[in-house]
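Asker: one predicted model, sequence on top.
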Amino acid sequence: MSRRTGGGTTWRALGLALTLQLTALTLPSVAPAQSQWTAADTRAVVDATTVLTLAPDLSHLSAGERMAVAKLLEAGAIFQELFEDQRHPDAAWARESLSPESPEALLYRLYSGPVGTNAYNQRVPFLAVRPEASGKNVYPYGLTRAELDAYLGANPGERDALLDVRRIVRRATPEDLDFDLAMLGAHPGLALIHPGLESGLRARRVRPSAGAFYAVPYALAYAERLHRVRAVLLDAADAVRADDADFAAYLRLRANDLIASDYESGDAAWVSGSFGNLNAQIGSYETYDDALYGVKAFYSLSLLARDRARSDELAAALTDIQEIENSLPYDRTKRVRSQIPVGVYNVIADFGQARGTNTATILPNDPDHARKYGRTILLRYNIMTEPTLFEGARSRFCAAVVEAHCGELTMSGNFERTLWHEIGHYLGVDRTEDGRTLDDALQSVSNLFEEMKADLVSLFSARALHAQGYYADSELRAVYAGGILRVLQSGEPRRDQPYQTMQLMQWNWYLDRGLVALEDGRLRIRYERYHDVVASLLREVLAIQSAGDPARAEAFIGQWTTWQPDVHGVIARAIAGAPGGGYRLVRYAAVDG
Ligand SMILES: [Zn+2]
């Protein structure tokens, strides 16, 4: 529930699918039985890649803050490698094998690993590595859900450990157990922080059994690198102690969280602290890369410079959101915080799972941490207002809609829609009727419904915000226009793409209810229907989250993910053919020079 979002997410969301369109013209329309990466795939991606460089002004930082920036960039580089290694067992080898200026090096950077998306929207290695596994490299390679489900069914007491957000799953072989015991011997402090870990491993080692699994905290599995990151974070904390006590305290706590595999203290300090010029998302939070169970978090680091003036202005504008919560179409409305920590930032650099062009983040995801401390919303201003990204969005919108709508999309509309998407994560259902967390109840489709809810709350709240004068007429229109662009796809999504899938579901709902209609190969938007159509889908989504029944959730997804070539295909081609499409590879002045 990090919940990346994005008005601009569209690049993230659509980028991969774009290749499909770029090469579909020259390739047979039937996917090959054996998926493979071709020279044509490499060329298509390389030719369609634009490099963006983020270079925010840091001249106002103190000497201590600059030192902290340097240290945090060091930590980020370690997390980048760790992330790649979490995603693919052969990433370390692949990384070493690259020659710096080769097309493969660009692909590796673009995809954060040796697997790309080919002309058929399939995930395929472009280097000589094993195919990608659903469980990436945080489960035993090639493990299927059927196998682990059977084991969990027979050993329900191990479920919490095996599906823990920050533990990797291993087969209980003597070799793996010996490896972990040796690692624990090399880092004796871990045994102290993780009571029961050593005795548990030893008990397994006495009776390793075929078909059995065990879980290892990330703190042990990645001990070497996490200890290095810890040291660097403590240095960064020292460097900013005099200038920014709250940020320093957060860095110190987070340094230890990484070793404890328990983020509560750092999360509390992060969300509740009042920071100065800097902020940073540090650690493993997002579970999008776990296509097996959707529960394992992957490493990231975002280093951010606060835009103080814009942050203060925004905080003043966000008054009472309780009224919006009360207006949502469900009957268990809750008390929401009157103060939501939201800040406007410029990205200095992103690493690992956070790297890309996502426009905003809300964290932490842990429902107990969120309940106790709230969640911090990080709006990424220099990405939201990056001119080439907005130009690309505008050109895709104009290619998809009838001409009269073309001018309706604006940068500030995208900013607001994204902001209210993030606030949307604060609102609505956060537990099932019978008190389970949504992740527990809905598991692998939990993210999909949470993101759809946030999209819809953003659009649903727009009418009330307009009525109270927060939006001018043209701003309301721009938010609505952005809501339509958000759901359009340039290719049929795969079911393991939660964002694209839930966007297609919205698109289909809007078509079905007449919010959008195809007219000579373009879409016309019937704005007068907007609020009611959005409200009707939001009601369904909230009901599904409330019920927490995965079968019902799956059925709803199945019902609303139809792809019709003569409708979706027409718009997809128009979007894919719009000028300025393709991939965005982000570089950072602070890292890449
Ligand atoms: Zn989100």
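Answerer: Right, received. Where do you want to start? Here the structure is a predicted model, which means the values were calculated and not measured.
Asker: from one end of stretch 94-104 to the other, what's the distance?
Answerer: End-to-end span of stretch 94-104 (C-alpha to C-alpha, to the nearest Å): 10 Å.
Asker: and stretch 289-296, by the same measure?
Answerer: Counting by C-alpha to C-alpha, you get 8 Å between the two ends of stretch 289-296.
Asker: got it, and stretch 425-441?
Answerer: End-to-end distance of stretch 425-441 (C-alpha to C-alpha): 17 Å.
Asker: is any residue of that stretch near the ion?
Answerer: No - against the ion, stretch 425-441 shows no contacts by C-beta under 5 Å from the ion, the least distance being 5.7 Å. C-beta: built from backbone N, CA, C; applies to glycine.
Asker: residues of that stretch that come out buried?
Answerer: For stretch 425-441, a neighbour-count test (16 or more other C-beta atoms under 10 Å) marks His425, Tyr426, Leu427, Gly428, Val429, Asp430, Arg431, Thr432, Leu438, Asp439, Asp440, Ala441 as buried.
Asker: the ion: which of the residues you listed is nearest?
Answerer: Set against the ion, the nearest of the buried residues of stretch 425-441 by C-beta to the ion is His425 (5.7 Å).
Asker: secondary structure class for the residue of the stretch 401-550 of the chain found nearest the ion?
Answerer: Proximity of the stretch 401-550 of the chain to the ion (C-beta to the ion) peaks at Ala454, 4.4 Å away. Following DSSP: H, G, I helix; E, B strand; the rest coil, Ala454 is assigned to helix.
Asker: now do the same contact list for the closest residue to it other than its chain neighbours.
Answerer: Leaving aside its sequence neighbours, Ala454 sits nearest to Gly424 (C-beta to C-beta, 6 or more residues apart in numbering; 3.7 Å). Going by C-beta atoms under 8 Å, 6 or more residues apart in numbering, Gly424 touches Lys453, Ala454, Asp455, Leu456, Val457, Ser458, Ser461.
Asker: in terms of secondary structure, what does the helix or strand that contains Thr361 contact?
Answerer: Take DSSP states H and E as the rule and Thr361 turns out to sit in strand 360-363. Applying 3 or more C-beta pairs under 8 Å, 6 or more residues apart in numbering; DSSP states H and E, we find strand 360-363 packed against strand 278-286, strand 376-380, helix 411-424.
Asker: can you redo these as CSV with mean pLDDT?
Answerer: As requested, the helices and strands packed on strand 360-363 are exported to CSV (pLDDT from 0 to 100):
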stretch, mean pLDDT
strand 278-286, 97
strand 376-380, 95
helix 411-424, 93
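Asker: switch the ones you listed over to CSV; also include distance to Gly64.
Answerer: Formatted as CSV, the helices and strands packed on strand 360-363 follow (distance: least, C-beta to C-beta, whole Å):
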stretch, distance to Gly64
strand 278-286, 10
strand 376-380, 22
helix 411-424, 30
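Asker: buried ones in the helix or strand following the strand holding Thr361?
Answerer: Downstream of strand 360-363, the next assigned helix or strand under DSSP H and E is helix 367-373. Residues of helix 367-373 classed as buried: Pro367, His369, Ala370, Tyr373 (neighbour count, 16+ other C-beta under 10 Å).
Asker: and helix 367-373, average pLDDT?
Answerer: The average pLDDT within helix 367-373 is 90.
Asker: quick check, pLDDT for Gln564.
Answerer: Reported pLDDT for Gln564: 97.
Asker: whoops, I mixed them up, Pro217
Answerer: For Pro217, the model assigns a pLDDT of 98.
Asker: beta partners for it?
Answerer: Arg167 (DSSP bridges).
Asker: quick one, what contacts it?
Answerer: Residues near Pro217 by C-beta under 8 Å, 6+ apart: Arg166, Arg167, His194, Leu197, Ser261.
Asker: farthest-separated two in those?
Answerer: Across those, the longest distance by C-beta to C-beta is 13.1 Å; it joins Arg166 and Leu197.
Asker: please, where are all the strands along this structure?
Answerer: 49-54, 115-117, 123-125, 167-171, 213-217, 278-286, 298-306, 342-352, 360-363, 376-380, 516-519, 522-525, 583-588 (DSSP state E).
Asker: quick one: which of the ones you listed is nearest the ion?
Answerer: strand 360-363 (6.4 Å).
Asker: what does the stretch 451-593 of the chain have sitting close to the ion?
Answerer: Going by C-beta under 5 Å from the ion, the residues of the stretch 451-593 of the chain near the ion are Glu451, Ala454.
Asker: relative to Ser546, which of the strands of the chain is closest?
Answerer: Short answer: strand 360-363, nearest of those by C-beta to C-beta, at 20.9 Å.
Asker: now the closest one: buried residues?
Answerer: For strand 360-363, the neighbour count (16+ other C-beta under 10 Å) marks Ala360, Thr361, Ile362, Leu363 as buried.
Asker: give the contact list for Leu234.
Answerer: By C-beta under 8 Å, 6+ apart, the residues touching Leu234 are Leu251, Arg252, Ala255.
Asker: which of the residues you listed sits closest to Cys398?
Answerer: Using C-beta to C-beta, the contacts of Leu234 come closest to Cys398 at Leu251, 44.8 Å.
Asker: what residues does the closest one make contact with?
Answerer: Ala68, Leu233, Leu234, Ala236, Ala237, Val240, Ala280, Ile282.
Asker: can you put those residues in TSV and add distance to the ion?
Answerer: Listed next are the contacts of Leu251 as TSV, based on distance: C-beta to the ion, whole Å:
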residue	distance to the ion
Ala68	28
Leu233	27
Leu234	32
Ala236	28
Ala237	30
Val240	29
Ala280	20
Ile282	20
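Asker: the residue of the stretch 51-200 of the chain found nearest the ion and Ile377: what is the separation?
Answerer: Closest approach between the stretch 51-200 of the chain and the ion, counting by C-beta to the ion: Val165, at 17.6 Å. Using C-beta to C-beta, to the nearest Å, we find Val165 at a distance of 21 Å from Ile377.
Asker: ok, the two, which is more surrounded?
Answerer: Ile377 (26 against 18; other C-beta atoms under 10 Å).
Asker: show me the shaky parts of the stretch 51-200 of the chain.
Answerer: Low-confidence segments of the stretch 51-200 of the chain (pLDDT under 70): none present.
Asker: narrow the contacts of Leu251 to those in helices?
Answerer: Using DSSP state H, Ala68, Leu233, Leu234, Ala236, Ala237, Val240 are the members of the contacts of Leu251 that sit in helices.
Asker: give me the nearest residue to the last one, chain neighbours excluded.
Answerer: Put plainly, it is Val240. The nearest residue in space to Val240 (C-beta to C-beta, 6+ apart) is Ala68, at 4.5 Å.
Asker: check contacts around that neighbour.
Answerer: Ala68 touches Ala236, Ala237, Ala239, Val240, Phe247, Leu251, Leu278, counting by C-beta under 8 Å, 6+ apart.
Asker: and for Leu152?
Answerer: Glu158, Arg159, Leu162, Leu163.
Asker: how does it look with 10 Å?
Answerer: Counting by C-beta atoms under 10 Å, 6 or more residues apart in numbering, Leu152 makes contact with Arg145, Glu158, Arg159, Leu162, Leu163, Phe213, Tyr293.
Asker: kindly write the PyMOL command that selects the buried subset of the residues you listed.
Answerer: Here is the PyMOL command that selects the buried residues among the contacts of Leu152 (16+ other C-beta under 10 Å):
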select buried, resi 162+163+213+293
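Asker: most widely separated two among the contacts of Leu152?
Answerer: Every pair of those checked by C-beta to C-beta; the farthest is Arg145 and Glu158, at 15.7 Å.
Asker: once you drop chain neighbours, what's closest to Ala219?
Answerer: Ala219 sits nearest to Ser261 (C-beta to C-beta, 6+ apart), 4.3 Å away.
Asker: against the ion, how distant is the one you found?
Answerer: 25 Å (C-beta to the ion, to the nearest Å).
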